[in-house]
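Peer 1: What follows is a predicted structure for the sequence shown.
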Amino acid sequence: MKQKIYKLLEDQLPLVDLDSDRLYDDLDSLGVTTILMTLSEEFDIELDTRDATPKNLQNLDALVCLVEKKLAAKGENR
Amino acid sequence: MRIVDYLQQHAQNLPDKVFIYQQAGREQITYSDFWKSVLQKAGELKDHGWTRGQVLCVRASQTSDYLVLYFACQYLGIVIAPLEHDLPANKMASVEAQVKEVCLPEGASDILFTTGTTGASKGVVLSDRSLVADAVNLAEAMGFHRDIIFILNGPINHFGNHSKVLPIVREGASLYLMESMKNLEDFFKALDFIRGKGRAATFLVPASIRMLMQFSGERLHTYCDIIEFFETGAAPIAQSDMQELSRLLPDSRLFNTYASSETGVVCTYNFNDGNQFPSCVGRPMKLAHVELRDGVVVCHGEAQMMGYLGDENLSADGPAEIITSDMGRWDDQGRLYLIGRTNDIINVGGLKVAPAEVEELVLAVEGVADCICIPVRHPLMGFVPKLLVVMAEGYTLNKKTLALYLKQKLESYKVPVQYEQVDHIERTYNGKLNRKAYVS
């Protein structure tokens, strides 16, 4: 999943260092929204502004955790 | 009366009224304390040799420190040139050189830099009179009043945000300063903070409105009782977004405004009227005059600029009229509709990008044979810049390297988001870039 997210975001955010542990700091408002939109579309999960925290967007591993948590919650709700 | 004179008046008459909330409301500055800081800063500027008519360039920020400096300059008659917070050092130096020996007309107050069609930034010189006219136009058309707490959430050197400080000060209202809309939670925290203290209002570019509605629309609805008005502008807003926002905030005034640094604030349309006419920017404001000449919007009025920095026609009275790059039409109720542009500027969520500025930099990169910067549609921003590049033989386009190089030279919103290596670029018979061939 990490590779998939990397590939998706690499095309959308050419200026951002996706290997960084300070990913959130590198993003502007468009960058944050692009990540939310890309992940919610690709994984069919619901994300809202409460999910766009510095912790959830700290690095790629944190994004993977966020997606996995949302997918698990979605599975439980079915 | 200048805007700074209103500030002084409120410091005397409303000393305990809060002018600025910042740090998520933890810091509150009254009109009285703010005025003391302005006088202290003015003293420091004088001590450092700053005098009336000189131009002070500064990277602007949504902080009380910047606003203190801004009003200290206005108090002393120093002309302030607020610049992008992330302006690269080479561009900052270039602007400082541009303003160093310049002679400005009496009454000049601010210089706002905008994107020129050729790629070079143009300094728009505003006067004390034009700032007051903007304040009058906005206050009367939108209903600013003393209980308004205005959430300022975008770059304060951009006219859309800069102009809102003016009616706030004129009316003795309050500002809530936010760094940006990057963390949308901060926007909701601002609304939570305002609840019980006053009435909320803000300016948001259409992209930010769409972001809010997409990720927290129903939550926004829960604040409909405290939101007095939202204003948008700087880029077209989709009719579907106007309809959805009207549904979420049924009792708020929702304005789509037509304004620019050059013309000042000109027209506005409260689209929460059951119609949500697409592209409508409403009727001219009190101190603005608008006409259409061969379909092109032409403006004049007290809010307009004195002229461009370095222009021989720069004068205290300003140009007789300003011929914009916008195409318009009227309806039978006297409302203006914007229907297109007459130049190549790319509007990225309200921020203007001159493709020529990007292309000039890219052509100087080793291995680049030709290029064109074009607008491509984006679900949030409306348009974003895309770069098409022809590489010389033996070279391959490295998107990341090129993007990072441009980031060092340009403000970040001007850096293309998409890159594509192509075999050739379309040009016209006389060798000019054929931009029309790339219109989608």
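Peer 2: The structure has been received and is ready for your questions. Treat the numbers as computed from the prediction; the structure is a model and nothing was measured. Numbering: from 1, shown residues only, chains lettered A, B, ... in the order given.
Peer 1: C-alpha only now, for contacts and for neighbours.
Peer 2: Fine.
Peer 1: what about the one residue in chain A that gets nearest to chain B, neighbour count?
Peer 2: Closest approach between chain A and chain B, counting by CA to the nearest CA: A:Ser29, at 3.7 Å. Using other CA atoms under 10 Å in any protein chain shown, A:Ser29 has 15 neighbouring residues.
Peer 1: Ramachandran angles for it?
Peer 2: phi -60, psi -40 (degrees, to the nearest 10).
Peer 1: Next: B:Val281.
Peer 2: The phi/psi pair for B:Val281 (degrees, to the nearest 10) reads phi -120, psi 10.
Peer 1: How about B:Ile151?
Peer 2: According to degrees, to the nearest 10, B:Ile151 has phi -90, psi 110.
Peer 1: what residues are up against it?
Peer 2: The contact partners of B:Ile151, by CA atoms under 8 Å, 6 or more residues apart in numbering or on different chains, come to B:Leu175, B:Tyr176, B:Leu177, B:Met178, B:Ala190, B:Ala200, B:Ala201, B:Thr202, B:Phe203.
Peer 1: per-residue confidence at the residue nearest to the fifth one when sequence neighbours are not counted?
Peer 2: It stands for B:Ala190. Once flanking residues are discounted, B:Ala190 sits nearest to B:Ala24: 6.7 Å by CA to CA, 6 or more residues apart in numbering or on different chains. Per-residue confidence (pLDDT) for B:Ala24: 91.
Peer 1: wait, B:Ala24 sits on B:Phe188?
Peer 2: No: here B:Ala24 lies out of contact with B:Phe188, judged by CA atoms under 8 Å, at a distance of 10.5 Å.
Peer 1: rewinding a little: between the contacts of B:Ile151, which is closest to chain A?
Peer 2: Nearest to chain A out of the contacts of B:Ile151 is B:Met178 (CA to the nearest CA; 12.8 Å).
Peer 1: how close does that closest one sit to B:Thr202?
Peer 2: Relative to B:Thr202, B:Met178 is positioned 11 Å away (criterion: CA to CA, to the nearest Å).
Peer 1: quick one, which of these two is more surrounded?
Peer 2: B:Met178 (24 against 20).
Peer 1: Please name the nearest non-neighbouring residue to the more buried one.
Peer 2: Counting by CA to CA, 6+ apart, the residue nearest B:Met178 is B:Asn153, at 4.7 Å.
Peer 1: which residues touch that neighbour?
Peer 2: By CA under 8 Å, 6+ apart, the contact set of B:Asn153 is B:Gln62, B:Asn161, B:Leu177, B:Met178, B:Glu179, B:Ser180, B:Met181, B:Thr202, B:Phe203, B:Leu204.
Peer 1: phi, psi of the fourth one?
Peer 2: In other words, B:Met178. In terms of degrees, to the nearest 10, the main-chain angles of B:Met178 are phi -120, psi 140.
Peer 1: per-residue confidence for it?
Peer 2: B:Met178 is given a pLDDT of 95.
Peer 1: Pretty sure it sits against B:Ile156.
Peer 2: No: using CA under 8 Å, B:Met178 is not in contact with B:Ile156; the gap is 10.4 Å.
Peer 1: Quick check: neighbours shared by these two?
Peer 2: With CA under 8 Å, 6+ apart as the test, B:Met178 and B:Ile156 both reach B:Gln62.
Peer 1: For the residue most central in space within chain A, I want the exact helix or strand it lies within.
Peer 2: In chain A, the centroid-proximal residue (CA atoms, centre = their mean) is A:Leu63; its distance is 4.4 Å. If you go by DSSP states H and E, A:Leu63 is part of helix A:60-77.
Peer 1: buried stuff in that helix?
Peer 2: Across helix A:60-77, burial judged by 16 or more other CA atoms under 10 Å in any protein chain shown covers A:Leu60, A:Asp61, A:Ala62, A:Leu63, A:Val64, A:Leu66, A:Val67, A:Lys70, A:Leu71.
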